[in-house]
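# When you get a sec, could you give me coordinates for this:
(chains A, B, C and D)
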Number of protein chains: 4
Amino acid sequence: SENIVLIGQALKNEFVIPEWRVFCSTIEKIYVEAKSNTDGKVANYIPQLSRYRPNYWGVSVCTVDGQRYSIGDTNVPFCLQSCSKALTYAIACTEKGADHVHKYVGQEPSGRSFNELSLDHNKKPHNPMINAGGILTTAMIEPHLKPADRFDFIMNEYQRMAGGDFIGFSNATYLSEKDTADRNFALSYYMRENKCFPEGASLQETLELYFQLCSIEVTVDSGAVMAATLANGGICPTTGDAILDNDAARNTLSLMHSCGMYDYSGQFAFKIGLPAKSGVGGGILLVVPNVCGIMTWSPPLDELGNSCRGLQFCEGLVSNFNFHNYDNLNYHGNTKKMDP
Amino acid sequence: SENIVLIGQALKNEFVIPEWRVFCSTIEKIYVEAKSNTDGKVANYIPQLSRYRPNYWGVSVCTVDGQRYSIGDTNVPFCLQSCSKALTYAIACTEKGADHVHKYVGQEPSGRSFNELSLDHNKKPHNPMINAGGILTTAMIEPHLKPADRFDFIMNEYQRMAGGDFIGFSNATYLSEKDTADRNFALSYYMRENKCFPEGASLQETLELYFQLCSIEVTVDSGAVMAATLANGGICPTTGDAILDNDAARNTLSLMHSCGMYDYSGQFAFKIGLPAKSGVGGGILLVVPNVCGIMTWSPPLDELGNSCRGLQFCEGLVSNFNFHNYDNLNYHGNTKKMDP
Amino acid sequence: SENIVLIGQALKNEFVIPEWRVFCSTIEKIYVEAKSNTDGKVANYIPQLSRYRPNYWGVSVCTVDGQRYSIGDTNVPFCLQSCSKALTYAIACTEKGADHVHKYVGQEPSGRSFNELSLDHNKKPHNPMINAGGILTTAMIEPHLKPADRFDFIMNEYQRMAGGDFIGFSNATYLSEKDTADRNFALSYYMRENKCFPEGASLQETLELYFQLCSIEVTVDSGAVMAATLANGGICPTTGDAILDNDAARNTLSLMHSCGMYDYSGQFAFKIGLPAKSGVGGGILLVVPNVCGIMTWSPPLDELGNSCRGLQFCEGLVSNFNFHNYDNLNYHGNTKKMDP
Amino acid sequence: SENIVLIGQALKNEFVIPEWRVFCSTIEKIYVEAKSNTDGKVANYIPQLSRYRPNYWGVSVCTVDGQRYSIGDTNVPFCLQSCSKALTYAIACTEKGADHVHKYVGQEPSGRSFNELSLDHNKKPHNPMINAGGILTTAMIEPHLKPADRFDFIMNEYQRMAGGDFIGFSNATYLSEKDTADRNFALSYYMRENKCFPEGASLQETLELYFQLCSIEVTVDSGAVMAATLANGGICPTTGDAILDNDAARNTLSLMHSCGMYDYSGQFAFKIGLPAKSGVGGGILLVVPNVCGIMTWSPPLDELGNSCRGLQFCEGLVSNFNFHNYDNLNYHGNTKKMDP
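Here you go, the predicted structure:
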C-alpha cells in the first residue's frame, strides 16, 4: 500500500522533490567532484578507525516521502561515533522531554574544543553534541534497565529510525574506545565532582554505554533514513513509524544546526545553513528539514575532525540547491540555484 | 500604485499573513501579557540610557508585503545601540562582499561575553555581532570618505532600510559613549596590535563612527521596517527599494540567528529559532524570514543585556505561531500553533 | 652523648638561637595572640576532617641543633594532607635526582587553583606542590615495589624525617579521600591522556598511594622535626640521620617558598618570605632555613585553604624576628625586630 | 676618605668577598664561557632595539662595600626596558609605602605572559614586574608634578641608585615605543575600565612616562651599582646615599625573586634562586643580597625574552658560588662550590 501511495504521488507530481532525475544527477555530479578530493587524514587514535581505507566515499539520500538515491560505497558499515550524539539526544528528549534533558546540559555552542575539560557557567556541559553532553544524555535513557537491556533499547530505537535498514555493532571499536578513553574518563569524573550526572547514574556504566553507542555501525543507506526521520519530524519516511516526538526532532535539528560540526559549527551554519552532525569515523548526518536526510561517509578528516569529502559535498549541495536555512529569502536578481 | 497592489493582494487573499486581524489580535495579547513583566534593570553606564523610563514598551510589525501593526510606545525614539551591528554588517557585506568582510571577522559564536578581550584562533573577532567585530565592520564601510560623509552615507542607508520612516541621532548618547569607552578602546588597541584592522583604517575615527552608529535613533515603527527589509531579502517592503544584496541579507540573518542575543544566543536559537539582534537600549530587532520584521522596545534588561519584555514577547510569538526555524517539520500529533 | 653535645654547645652559647628563653617566650606570645582568632571554617568535604574541633591549636619548634619548644595541642594526631607533598617531593628528589623528577613536573607557580584541571605549556603539572604534581611525584617513588612495600618505604622515610617521633595513619581518612576523589581522578585521567605519568605507573595504584600519604598523621611535635630536617639540609637534627640529599632539601625549600601555600603562595612569599606547606587538615609545615622547623596546627581554614591561626602565627613570627628571606639586608634606620 | 675605608677593610680582610681576585677570575671565566653562546635573537619590534649588535656582551659587579669588577662591553649604553620596573617599584614603595602600592597591584606570579590582557581575581595586575603592574607603579610616583618634573624626579632617583654613574635617555627608543604600544594602550584602557588607576592619574601621561622610563639608558657599570643599591638594603654602596627604604628594597627583592624573569621566573627562582629583573634590551639586573649587584647585558633573547648569555652567566654564577637562596643549608657531603 505504501508503494501505491508513492506511485500516486509520483503520478500527481506531488513529491517534495518533483524533478527527481535532475536532482539525482546533480547529486551524482557533486559526488564525483568530491571524489577527487584527497585532503585530510583518517583518524588513527584507535586501530579500528585507522584501518578505514581513505578512498571510501559514499552518499545516500532519502526524502521525507521515501524516495532514495545512493552512490559509491553504500554498503560498507562504519561506526557512527559522534553522529550518535544527535540520535541519543533525540531519544532522550522523546523519553524525558527537553525541559528535563536541559536541566543537565546546555544549548550553547561552547566556543571550545569538542572534548574540552570545561563546563558552562551553570556547571553543565555546553550542549549535547560535545562529549561531555553526549555522556550525560546517554545517562538519561532508561536508567533503570540493566546495561544489556539499555543497549538493546537504544539499538532498537536506532533501528527504527533507520526503518529497519542495516544497523551493526563493532565490538572491536568499542573495546578500543574504552581502552583509550582517558579524556572521557577525565570529563566524567570532573562532571561527577560537579554533580552533573542524573541521580543514581553510574559513571562506569554510562561511559560503557556511551562507547557502545559510538561503536554502532550504519551504512550510508541506513544513515540516510535516520537523517530522513529527523527531516520528517520524527516519523520514519520508509515505514511511517513515529519514533521521535515532533519537539524532540525540532530540538535536535536546532542543536545540530548550531553545534553539530565540532569547532567548524559556526562556519558550517553560516555557509551551509543545515543541521548536521559529523563523526570521527568520517560520517556526516545531514538534514534538509521537510525535504530529505542525507548520509555521507569518507574517512579522511580535516583538522577539526570533519570529513573532507563530506564537507565538500555539503558545499556543493547548497551551491546547487536552495537548501541553506536562509536561502529562500524573497529573491531579487539572478540565481542559478535550483529549488528541486 | 503601491496601494493598488496591496488592495489587489488583499482581495485575492494573497498576503503572507492571510488572517491579518487574527494575527494582530494575537500580537496584542502577547504584548499585553509582557506589559506586566517588571523584571530587569535599565542600563545605567551612561546617563542617557539610565533616563529611559522602565515602563516604556512598544512593538511594531511590518510584513514583507508591507502590512503594518504597532502597539504601545510606538513613536518614542530610542538608540539602536548593538542592533546597529546587524545593519552595519549587512551594509558592509553589500558593499564589499562576504568574502572580504570575513577576511577580518569570523562567523562563530564566541562562547564568551560580548565585549570579551579575546580574538579567535585566527586572531580575528569571533563574529560581527560582538563589539570587536562590530568595530571592524564599521571600519570597512566607505573608508575613503571623510568622517562626516561616512556617517551621512550609513545614516542614509539606515533611512532607506527604514523606508523613510523616522531615523534620528542622539548626540548626547554619542558623547557619553565616547566618554565611557575604555573597553572598546582596549579592544581596538588589542586588535590593532594583532593587525585586525583593514589597511589604512584609523582606530580613532573608526571608534567614533562606531559610537555614532550606536547612537542612531529609531522608533519601533521604523525599526520594524528595517527588520522587514532583512526579512524580505534586502528589499524594503514599504518602498520596493533594493538596499541590500540578497546574499548580504542571508548572511546577516545567519549571524543574527547564531550570535545576535549576547550570551543568550544559543538558548535563543534553541527556544525561539529566529534571527534577532538586541541592544542595550532595550530594542530587539526580530526577523521572521519571508514573513515580517518586528521591533520591540522596552528598556529594562536581564543580566545578559537583553530586554526582558522583548524576550517574553519572542517566546509568546513562537508559542503562538509556527515561526521557529524548525517549527514547520512535518507534523504528527496535535498542535495549537497557528500558521498565520 | 648527644646530650653532652647539646650541653657543650649551651655552655659555649653556640646554639643557632642563643637567647632560647627570650625566643620561646616570644613564640608563646604569638601563640596566645593567634589563639583568640576564630576566623575560618574547618574543612568538611569528608567527615573525618569535619570532626576536628575548631579550637585545636598547637605549635612546635625544633631547631637545627635539636632544641625544642611546643605549646598547645601538641600531642593530638592530625593528617598531613597536602603537607605530605613537600615530603614526597623531597624523597623523590633524593631517590631520582631533580633532573629526573622535573622531566615530569614543572617548577612554576601555576597562577591557578591547587586542583585546577590544567597543565603547563609543556603538558606537565605546574609544580609538585599542587595535586597534579603531587600525584606524579608519588608515582616516582619505588615504582617497582608492591603497593604495601611502597607505602611502608615512604612511611619509614617520614618516620626518619620525624626523628622517630609519632607518625600514624588514619585509615578512615584514606577511605573517605578515595571515595570523594572525583577531581583527582579527573586530573589523573587527564594526565594519563597527556602521557604525564612515568612509564609503567598504574593510575589506580598511584592515586591510592597518594591518598594514603595524605592520610598519614603527625603531631605538631613530630611535624616540627620533619620541618627541621628540611631546615637542616636533610639531616634530622634530633638523630643526625642523613635522610635527604642536600640538593633535594634545597629544591624542596625553593618550591615550598614559591608554591607551598595554595593561591596565597605569592603573597606569603612576599609577606613572610619563608618556605612553607599547608594542608587542608589545618597544618602548616614552616621552615626557617639553617635555624629551625616549625609545625603549626589549627583546623579552621581561610577561603584559600590555609589555616587562619597558622597564618597569623607566621605573620607574628616575621614581625618579631629577622626571618623573612630578605630581612637581613644591610640595615639602615631603626628596627624592633630580633635576630634571635 | 672612602678609599681609606676601602683600604682599611682590605687590610683587615673584612670585605664581604674576601678573596676578591679569585672571585674576579671566576667571574671572568664564566663571562668567557658565555661569550661563545650564540643562541637567541635580538628584539626587533622597534628599530632601535634591532640595531643592537648581537655580539655585545658585558658584565659588571659592584659589591655592597663598593668593590667593582667589569668585563666586556662595559661602556655601551643600552635601554633598561623592563629592568626599570624593579627600580620604579622600589621608588614607589619608598614614596608611598608597600600597603598603598599594593592596593593597586598584587604580589603573585601571574602564570601568564608578561603583557597578557588579564587581571587577577581582585581586578588588579598580578604584580609590579609585568607591564600592567609597571604602568600602575609609574602612575603612583609624584602624581602631582608636571610630566617634565616627574621624569626629572625619577631620572634623578635612578642616578642616585647608580651612584652618579652613567644614566642616559634614548629619545628615539621612547618615540618608537610610544608608536608601537598597542598592547600597552589596550592594557591601560582595560585597567581604566576596571578602575585600576590611582585617582586622578592620566592614562596618556602615565603611559608616556612609562615608555620614557623604559627608554632610560645605563651601562653594565652603572646598572651594577643600581643592583648593588638593592643588595645593600637601599643604600648606594659607592656613595653611602640612602635612597630606598629598607622595606622597599626587601619588597623589591621578593618580587624580583618570584616574578622578575617573565615566564621563566619560577624556573629561575628554582635554579638560580636570586632576585633578578630582565629587560627586552638584553639586560639582566641581578642581586646577591648583602653581597653584590650585577648587571649583565647581551641583546640576543631566548623565546621568553631573557638574554641568553645573561642566563648562562647566572647559571655559571650559582654553580660556582654559594649564592642560591637556599644554598647555604647546613651541608653534608662534598661540594665544589665556593663561599667567596
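# Okay, buried residues for stretch A:105-125 please.
A:105-111, A:114, A:116-120, A:124-125 (16 or more other Cβ atoms under 10 Å in any protein chain shown). C-betas here are computed from N, CA, C, even on glycine.
# Helices along the stretch 151-300 of chain A, start to end?
Shown for the stretch 151-300 of chain A, the helices assigned by DSSP state H, counting those that start in this stretch span residues A:171-179, A:182-193, A:203-214, A:220-231, A:246-259, A:265-271.
# Can you say which of the ones you listed is packed in most?
The highest average neighbour count among the helices of the stretch 151-300 of chain A, using mean count of other Cβ atoms under 10 Å in any protein chain shown, belongs to helix A:220-231 at a mean of 29.
# name the helices or strands packed onto that one?
If you count contacts as 3 or more Cβ pairs under 8 Å, 6 or more residues apart in numbering or on different chains; DSSP states H and E, helix A:220-231 packs onto strand A:58-63, strand A:68-72, helix A:83-96, helix A:147-161, helix A:246-259, strand A:283-288, strand A:292-297.
# Give me the angle between that helix and helix A:147-161.
Inter-element angle recorded for helix A:220-231 and helix A:147-161: 80 degrees (by axes from the mean of the first three to the mean of the last three Cα atoms, to 10 degrees).
# and helix A:220-231, how far from the chain's centre?
9 Å (Cα atoms, centre = their mean, to the nearest Å).
# Check the closest residue to A:Asn330 other than its chain neighbours and give its pLDDT.
Excluding the flanking residues, the one nearest A:Asn330 by Cβ to Cβ, 6 or more residues apart in numbering or on different chains is B:Gly233, at 4.4 Å. Note on B:Gly233: pLDDT of 95.
# Hmm, B:Gly233 is touching B:Asn251, no?
No. Counting by Cβ atoms under 8 Å, B:Gly233 does not reach B:Asn251; the two are 11.6 Å apart.
# picking that back up, of the helices and strands packed on helix A:220-231, give the one that comes closest to chain B.
Minimum separation from chain B across the helices and strands packed on helix A:220-231 (Cβ to the nearest Cβ) falls at helix A:246-259, 4.4 Å.
# other SSEs contacting the closest one?
When contacts are defined as 3+ Cβ pairs under 8 Å, 6+ apart, helix A:246-259 packs onto helix A:83-96, helix A:98-101, helix A:220-231, helix A:265-271, strand A:283-288, helix B:265-271.
# rerun that using 7 Å as the cut-off
Judged by 3 or more Cβ pairs under 7 Å, 6 or more residues apart in numbering or on different chains; DSSP states H and E, helix A:246-259 is in contact with helix A:83-96, helix A:220-231, helix A:265-271, helix B:265-271.
# what mean pLDDT would you report for the third one?
Confidence for helix A:265-271, expressed as mean pLDDT, is 95.
# Run a quick neighbour tally on A:Lys35.
17 (other Cβ atoms under 10 Å in any protein chain shown).
# How about the contacts made by it?
The contact partners of A:Lys35, taken as Cβ atoms under 7 Å, 6 or more residues apart in numbering or on different chains, are A:Trp57.
# Can you read off the backbone torsions of it?
phi -60, psi -30 (degrees, to the nearest 10).
# Would you format the helices and strands packed on helix A:220-231 as TSV with mean pLDDT included?
Formatted as TSV, the helices and strands packed on helix A:220-231 follow (pLDDT from 0 to 100):
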stretch	mean pLDDT
strand A:58-63	98
strand A:68-72	98
helix A:83-96	98
helix A:147-161	97
helix A:246-259	96
strand A:283-288	98
strand A:292-297	98
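# ok, so what distance separates A:Glu14 from A:Thr63?
12 Å (Cβ to Cβ, to the nearest Å).
# Ranking helices and strands of chain A by mean pLDDT, which lands last?
Every helix and strand of chain A was ranked by mean pLDDT, DSSP states H and E. The lowest is helix A:2-11, at a mean of 57.
# Can you pull the residues of the stretch 151-300 of chain A lying near chain C?
Counting by Cβ under 7 Å from any Cβ of the partner chain, the stretch 151-300 of chain A comes close to chain C at A:Asp182, A:Arg183, A:Phe185, A:Ala186, A:Tyr189, A:Tyr190, A:Arg192, A:Glu193.
# if I look at the second one, how far off is C:Phe185?
Yep, that's A:Arg183 we're talking about. A:Arg183 sits 13 Å away from C:Phe185, going by Cβ to Cβ.
# which ones are touching A:Glu300?
Just to correct that, residue A:300 is Pro rather than Glu. A:Asp39, A:Gly40, A:Lys41, A:Val42, A:Pro54, A:Ser307, A:Cys308.
# ok, the residue nearest to it when sequence neighbours are not counted - how many residues close by?
Spatially, and ignoring its direct neighbours in sequence, A:Pro300 is nearest to A:Gly40 (3.2 Å; Cβ to Cβ, 6+ apart). Number of residues near A:Gly40 (other Cβ under 10 Å) recorded here: 21.
# Let me see the backbone angles for A:Gly164.
The phi/psi pair for A:Gly164 (degrees, to the nearest 10) is phi 90, psi 0.
# Next, count neighbours for it.
Neighbour number of A:Gly164 under other Cβ under 10 Å is 14.
# so A:Ala224 sits right up against A:Ser60, yeah?
Yes. Using Cβ atoms under 7 Å, A:Ala224 makes contact with A:Ser60 at a distance of 3.8 Å.
# hey, what's in contact with both of the two?
Residues touching both A:Ala224 and A:Ser60 (Cβ under 7 Å, 6+ apart) are A:Ile294, A:Met295.
# re the thing from before, looking at A:Glu14 and A:Thr63 now, which is surrounded by more residues?
Each of A:Glu14 and A:Thr63 has its neighbours counted (other Cβ under 10 Å); A:Thr63 has more, 25 against 10.
# That one pairs with what?
Beta bridges link A:Thr63 to A:Cys292 when assigned by DSSP bridges.
# Many thanks, we can stop here.
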